[in-house]
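Colleague: Provide a 3D model corresponding to the input given below.
(one chain, ligands or ions: 1)
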Amino acid sequence: MDILKVLSRGTKKSAKTSLSGGSAVGKLPSSGTKTNPQLYHDEVRGQKRKRDVEEPESKIPEVLPEVDFFAPKDVAESKPAKMAESNKAKRAASPDAEAEAKLLSAEECRQLLRSHRLKVTLLGKREEQHKVKKPKKKKAVVEVKKDKKPPQLNPQPLVSFGQLRSTYNLSRRVAENLSYQGYRVPTEVQMGSMPLLIRPDLALKGEEGLENGIDLLAVAPTGSGKTISFLVPTINNIMRRRAQEKLHGIHELEAIVIVPTRELAYQIVNVGNQLVKGTGIKIVGMRKGMILAAESQDIGEGDSDDEVEKPEESEDEEEDEYDEEEEENEKKEKSRKPKVVSKVDILITTPLLLLNFLTSGSTSTQKVLPTVRDLILDEADVLLDPLFREQTLGIWNACSSSELRLSFWSATMGSNIETLVTEKLASRAESLGLSQRPLVRLVVGLKDTAVPNIVHRLIYTASEQGKLLGLRQLLRPTSSIDSGPPLRPPFLVFTQTIERATALQEELKYDIPLEAGGSSRIAALHSGLPDAARAAIMRKFRSGEIWVLITTDVLARGVDFAGVNGVLNYDVPGSSAAYVHRAGRTGRAGREGGIAVTFYTKEDIPFVKTVANVIAESEKQAGKTVEESSVQKWLLDALPNVGKEDRKKLKERGVESRRSGNKAQITSRSGYERRKEHNRKGAIEGSKKRKMEAEDDGNGKGKGDGGGEWGGFDD
Ligand SMILES: Nc1ncnc2c1ncn2[C@@H]1O[C@H](COP(=O)(O)OP(=O)(O)OP(=O)(O)O)[C@@H](O)[C@H]1O
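Modeller: So this is what the prediction gives:
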């Protein structure tokens, strides 16, 4: 009998739904099928037919018109102007009149936002005093609404990428770079956030107090394209300001993106490098020992002597592997004396790396970064979690510009994080004597605790060994779940601790036949490995050399492997947010056919309910009925609720018995076999480690390099 049929008893075969289920055959994420990245298309009552409001796809130019964004209007817009000759009469005198004429009506906005499950509200102090200009009366009358619910906004949604240029005047270069990525339609979060961040005055026409832009808190599903949602407006804002102030060929640190892990930092640098080609803007990942153009709060202007500008090092725009570039730069930088300020326009960093720079040197001074105008927190909920909070707030405080715009992004955002952000923004505005910028909250989907476009399965086994057996079975080339399509690598396998990740790798090492590549197809990545080893594993997994990557929560957030077919939770995740982020490593950009399997034993039962709830919610959002759900109601009802204290403990420590002692071990062998194996392994590991350390010393990046990053809580 197929062990999985026994193991997954109590789960049902999925029915056909709009988003996931049996229709996934042949649509595995790794098959690379171009799917519609949008997750939701609900019918809204009284909605005009889509084609009445959306720009038809054919209208989206493959390559955008060769016009100079900043050239005088008559030159820059000669081609489009000719095409729009007949509309000339309608144009008003204002330079924005043309763009405004293209905006959707309030009702069209409302319907589009609703059909894509986009909810936009105003948060913070301003929500009590939501001022709206009443357009009907001649003289604008200000209406003050007092409502407990945050006021809902209906900003202009982005209906096509072409609109970024035609309506929102995006830089031609950036628009072209974006078009080369081959994206056809914007995802929901891109629809909602890009107009708001590029032209809040147009996107929120009629709202007051937008002169200085907005701060944004965006909650959108995993893999929904949040990275370009924040990168494109940030790059554009820098270009626009420099063009307006006629600052050409300069480098000034204007934006910082904080992320929890170095893998995510490298990834964002690579995405960013595609978007800034030909713009002159430099996106750089923070490195240990890097010097930024900072000011010291006590010394004041003038700065330290060693921060002397040097001629720019040659830039290789074709380089897309950040780690190689990083090593090269590091070598160059080391050989240079005196140390120079790095040329950076947009910095991507983990919190501790940047904080170490800001607090290094004299203990009586603190460096500040007055030139930074955009601070972006990617995976904001974890960056503002107690583990990182002080570091993140330290950076936030160091960004001293009164023009600082903030944005917060994640697939999961607890109300405690929203409160913290709201209060912090209010107190900052007060201390700087400024009126608070509107804080806009954008949420995609009905609830943030869901991954709607993939298949979820919970598998009970009686023991740890049962989990191992189950996992082995899943990794077999012919296995499938519920007689569905065969499971195929690449797989990401999540464990609770570094120890368990390495032990599991050892266990599974020989499970892949030699003819298929053998042990080289399986690797473990965790925060205990040196940088170079981590980068090499990431590269091999992306290229398909590694099929099974065993990891900890260090890879749970943000990293984008488009073709991961299966996420296997060998150990139950510590919270519903952790489940969402882990599961969200498959099914990226709306891809279907991805599967998340979670094994659980008796010991996990107190904590399974959080996972089961996310699965139920995901399936509900995907349009499944309760009867069709893979988590049956009896199971949900039977699972105990977890108390607040236990939840907190699990989030921080995981299942306690897996942290140490016998139960922390993963093995299918007898004590004698294990001892024998242990001795052999000890010798091999020792030599490997020595080799690794030697390599590590060689490139100057050790594991204690102060990355200060997320690896799950305390792994
Ligand atoms: N409009 C689009 N159409 C198709 N693919 C897109 C689009 N926008 C982004 N993508 C792709 O979607 C994938 C996921 O994007 P990204 O990593 O930004 O997601 P995310 O929302 O940040 O996810 P996470 O919450 O997991 O960090 C990337 O491979 C990206 O290239």
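Colleague: from now on I want contacts and neighbour counts done on CA atoms only, so please keep to that.
Modeller: Will do.
Colleague: for the ligand, what are the nearby residues on this protein?
Modeller: Within the chain, the positions near the ligand by Cα under 6 Å from any ligand atom are 37, 183-187, 221-228, 410-411, 557-558, 560, 562, 584, 588-589.
Colleague: where's Asn36 relative to Thr187, distance?
Modeller: According to Cα to Cα, to the nearest Å, Asn36 and Thr187 sit 8 Å apart.
Colleague: re the thing from before, show the buried residues in the residues of the chain next to the ligand.
Modeller: Neighbour-count burial (16 or more other Cα atoms under 10 Å) is assigned, among the residues of the chain next to the ligand, to 37, 184-187, 221-228, 410-411, 557-558, 560, 562, 584, 588-589.
Colleague: what's the span of stretch 588-597, first residue to last?
Modeller: Taking Cα to Cα as the measure, stretch 588-597 stretches 16 Å from start to finish.
Colleague: check which residues of that stretch are buried.
Modeller: Going by neighbour count (16+ other Cα under 10 Å), the buried part of stretch 588-597 is Arg588, Ala589, Gly590, Arg591, Glu592, Gly593, Gly594, Ile595, Ala596, Val597.
Colleague: what does stretch 200-214 give?
Modeller: For stretch 200-214, the neighbour count (16+ other Cα under 10 Å) marks Pro200, Asp201, Leu202, Ala203, Leu204, Lys205, Glu207, Leu210, Asn212, Gly213, Ile214 as buried.
Colleague: and the first one, what's its pLDDT?
Modeller: In the predicted model, Pro200 carries a pLDDT score of 95.
Colleague: nearest residue to it other than its sequence neighbours?
Modeller: Spatially, and ignoring its direct neighbours in sequence, Pro200 is nearest to Gly213 (6.0 Å; Cα to Cα, 6 or more residues apart in numbering).
Colleague: try the second one
Modeller: Taking Cα to Cα, 6+ apart, and ignoring the residues beside it in sequence, Asp201 has Leu210 as its nearest neighbour in space, at 6.0 Å.
Colleague: any idea how far that neighbour is from the ligand?
Modeller: 26 Å (Cα to the nearest ligand atom, to the nearest Å).
Colleague: tell me the contacts of Gly394?
Modeller: Leu355 (Cα atoms under 8 Å, 6 or more residues apart in numbering).
Colleague: before we move on, the earlier item: for the buried residues of stretch 588-597, work out which two are farthest apart.
Modeller: Across those, no pair lies farther apart than Ala589 and Val597, at 19.8 Å, counting by Cα to Cα.
Colleague: ok so, going back, using TSV, lay out the buried residues of stretch 200-214 together with secondary structure.
Modeller: Listed next are the buried residues of stretch 200-214 as TSV, based on DSSP: H, G, I helix; E, B strand; the rest coil:
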residue	secondary structure
Pro200	helix
Asp201	helix
Leu202	helix
Ala203	helix
Leu204	coil
Lys205	coil
Glu207	strand
Leu210	coil
Asn212	coil
Gly213	coil
Ile214	coil
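Colleague: of those, which is the nearest to the ligand?
Modeller: Ala203 (19.1 Å; Cα to the nearest ligand atom).
Colleague: so what are the sheet partners of the helix or strand hosting Leu406 and their directions?
Modeller: Using DSSP states H and E, Leu406 sits in strand 405-410. Strand 405-410 has the following strand partners under DSSP bridges: strand 215-219 (parallel), strand 374-378 (parallel).
Colleague: check the offset of the helix or strand just after it from the chain's centre.
Modeller: Downstream of strand 405-410, the first helix or strand assigned by DSSP H and E is helix 415-432. Mean C-alpha position of helix 415-432 versus that of the full chain (Cα atoms, centre = their mean, to the nearest Å) differs by 22 Å.
Colleague: begin at 168, not 1, for the rest of this chat.
Modeller: With 168 as the first residue, the last one maps to helix 582-599.
Colleague: tell me where the stretch 618-767 of the chain has strands.
Modeller: Counting by DSSP state E, counting those that start in this stretch, the stretch 618-767 of the chain has strands at residues 622-627, 658-661, 689-692, 715-718, 733-736, 762-767.
Colleague: what residues are up against Leu613?
Modeller: By Cα under 8 Å, 6+ apart, the neighbours of Leu613 are Arg284, Gln788.
Colleague: can you get me a residue count around Ser582?
Modeller: Number of residues near Ser582 (other Cα atoms under 10 Å) recorded here: 10.
Colleague: from Lys614, how far out is it?
Modeller: Distance, Ser582 to Lys614, by Cα to Cα: 12 Å.
Colleague: and for Ile717?
Modeller: Taking Cα to Cα, one finds Ile717 at 29 Å from Lys614.
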